[in-house]
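Q: model the following, please.
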Amino acid sequence: MSESDVIVPGSPAVPTPEVPAVPAVPTSEVPPVAASELPLAPRPPRRLLRAGGATVAAALVGVVIGIGIIEVRYDDPAPATAAPVPAAAPAPSATATPFGAKSNGNHFGSLRDLLLPVPAGYGLGADDGGFGNDVELTGEQLLAAELDDEVVTMPKEQQDKLRKYWNDLHVKAAGVRTYTTQAGELTISMKLRQFNQQEVQKLNEYTAIFTGETGIFRTGPAVPGHAEAHCYLLPAPPSAPIDRLECSAAKGDLLVVMAVEGVAPLPKDRIVALLAQQLDRLAIPGASV
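A: Numbers count the residues shown, from 1 in each chain. As a prediction, this is how the structure comes out:
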């Protein structure tokens, strides 16, 4: 491995191609904190709602099919239940394999290693749907777990179109890790999706357009030092006790998707700080801000 292949800290900017602003159909798809700083508030559901990542799924469908109907689906919140929270992150393996980014933007190593380790004040969270709470899936597993469920209600012509696009992405893998605060008022899901760099960029930009121009989503916080990242708050009435936020960012061949659910109002500064740590971990050598 040459020096150009070693990951270095930084906050690279990702070029922004022009992407048509075509609305799409959402179908379905979250910061280091001291425990003493956490607000005393009721705990939200210990599971992530299926709405998490819905906008990215919508962008995927929209890029391929271009349907102009908006239909965001959510589950009703489940009653809060107590659940044990691990006191610390799993201990790293003594024989851990190298991981990082090459100068061409492709990442190497396990996606579980590329995912942000569980920070102080957090434990592993609840399972994110059928993904689990700390797992890496192959492209085939991701197809079976996610895309198959989403296209089953589409007309066959659109199903075939979406499956062909999926195959053309050359999806390698996806990594998922969830976090929850010790007080349990935040549940966070972090996903890394590894596929063709150009399509990663296209999907990330399309998501930004989709969430910014439909008028459905509320404007989310910026991520300092990471212009490639954008966040948006999901629809909710002003008095809702639980709020939800999603963020998307492109890092070379990795699409980063973070979904957050927690007691309103969400601690946005802490949330974007967590995302910034994840993006710094994926920094590409030689990139400039």
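Q: what lines up beside the helix or strand hosting Arg244 in the sheet?
A: Applying DSSP states H and E as the criterion places Arg244 in strand 242-251. Strand pairing for strand 242-251, determined by DSSP bridges: strand 230-233 (antiparallel), strand 254-263 (antiparallel).
Q: measure the nearest residue to Leu255 once chain neighbours are set aside to Pro119 for me?
A: In space, Leu255 comes closest to Arg193 once its chain neighbours are excluded; the distance is 4.4 Å by C-beta to C-beta, 6 or more residues apart in numbering. C-beta coordinates here come from the backbone N, C-alpha and C atoms, glycine included. The gap separating Arg193 from Pro119 is 22 Å, by C-beta to C-beta, to the nearest Å.
Q: look up how far Val135 lies from Leu114.
A: 13 Å.
Q: okay, and the common contacts of those two?
A: Gly175 (C-beta atoms under 8 Å, 6 or more residues apart in numbering).
Q: looking at the two, which one has more neighbours?
A: Leu114 (23 against 18; other C-beta atoms under 10 Å).
Q: from Leu275, how far off is the nearest residue to Gln278 once chain neighbours are set aside?
A: Spatially, and ignoring its direct neighbours in sequence, Gln278 is nearest to Leu116 (4.4 Å; C-beta to C-beta, 6+ apart). Distance, Leu116 to Leu275, using C-beta to C-beta: 9 Å.
Q: quick check: phi and psi on the residue nearest to Gln278?
A: phi -60, psi 130 (degrees, to the nearest 10).
Q: what count of nearby residues applies to it?
A: For Leu116, using other C-beta under 10 Å, the count is 23.
Q: and if you look at Ala283?
A: Counted with other C-beta under 10 Å, the neighbours of Ala283 add up to 18.
Q: distance check, it against Glu205.
A: Going from Ala283 to Glu205 by C-beta to C-beta gives 20 Å.
Q: what of Phe108?
A: Separation of Phe108 from Glu205 (C-beta to C-beta): 25 Å.
Q: what do you get for Gln194?
A: 18 Å.
Q: and for Val135?
A: Distance, Val135 to Glu205, by C-beta to C-beta: 28 Å.
Q: same question for Ala250.
A: In terms of C-beta to C-beta, Ala250 sits 8 Å off from Glu205.
Q: just Ile284 next, same as before
A: Ile284 is 18 Å from Glu205, by C-beta to C-beta.
Q: now Gly252
A: 15 Å.
Q: would you map the helices across the stretch 51-200 of the chain?
A: Ranges of helices in the stretch 51-200 of the chain, per DSSP state H, counting those that start in this stretch, are 54-65, 111-114, 139-142, 148-151, 156-169, 197-213.
Q: mean pLDDT for those helices: which is lowest?
A: In terms of average pLDDT, helix 54-65 trails the rest of these, at a mean of 52.
Q: list the buried ones in stretch 239-247?
A: By neighbour count on 16 or more other C-beta atoms under 10 Å, the buried set for stretch 239-247 is Ile242, Asp243, Arg244, Leu245, Glu246, Cys247.
Q: wait, the last one sits on His226?
A: No: in terms of C-beta atoms under 8 Å, Cys247 does not count as a neighbour of His226; the distance is 9.6 Å.
Q: any shared contact partners between these two?
A: Leu275.
Q: low-confidence ranges, the stretch 1-150 of the chain, go.
A: Scanning the stretch 1-150 of the chain for pLDDT under 70 picks out the ranges 1-97, 142-150.
Q: apply 90 and report the result again.
A: 1-97, 128-132, 137-150 (pLDDT under 90).
Q: neighbour count winner among Phe108 and Glu205?
A: Neighbours were counted for Phe108 and for Glu205 using other C-beta under 10 Å; Glu205 has more, 23 against 16.
Q: what about the more buried one, distance to Asp253?
A: Taken as C-beta to C-beta, the span from Glu205 to Asp253 is 15 Å.
Q: and stretch 191-198, what's buried?
A: So for stretch 191-198, counting by 16+ other C-beta under 10 Å, buried means Lys191, Leu192, Arg193, Gln194, Phe195, Gln197.
Q: mind listing what the third one touches?
A: Residues touching Arg193, when contacts are defined by C-beta under 8 Å, 6+ apart, comprise Leu142, Val171, Ala174, Val200, Leu254, Leu255, Val257.
Q: could I get the residues you listed as TSV with distance to Leu234 and neighbour count?
A: Formatted as TSV, these follow (distance: C-beta to C-beta, whole Å; neighbours: other C-beta atoms under 10 Å):
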residue	distance to Leu234	neighbour count
Leu142	23	23
Val171	25	20
Ala174	21	24
Val200	23	23
Leu254	23	29
Leu255	19	25
Val257	13	26
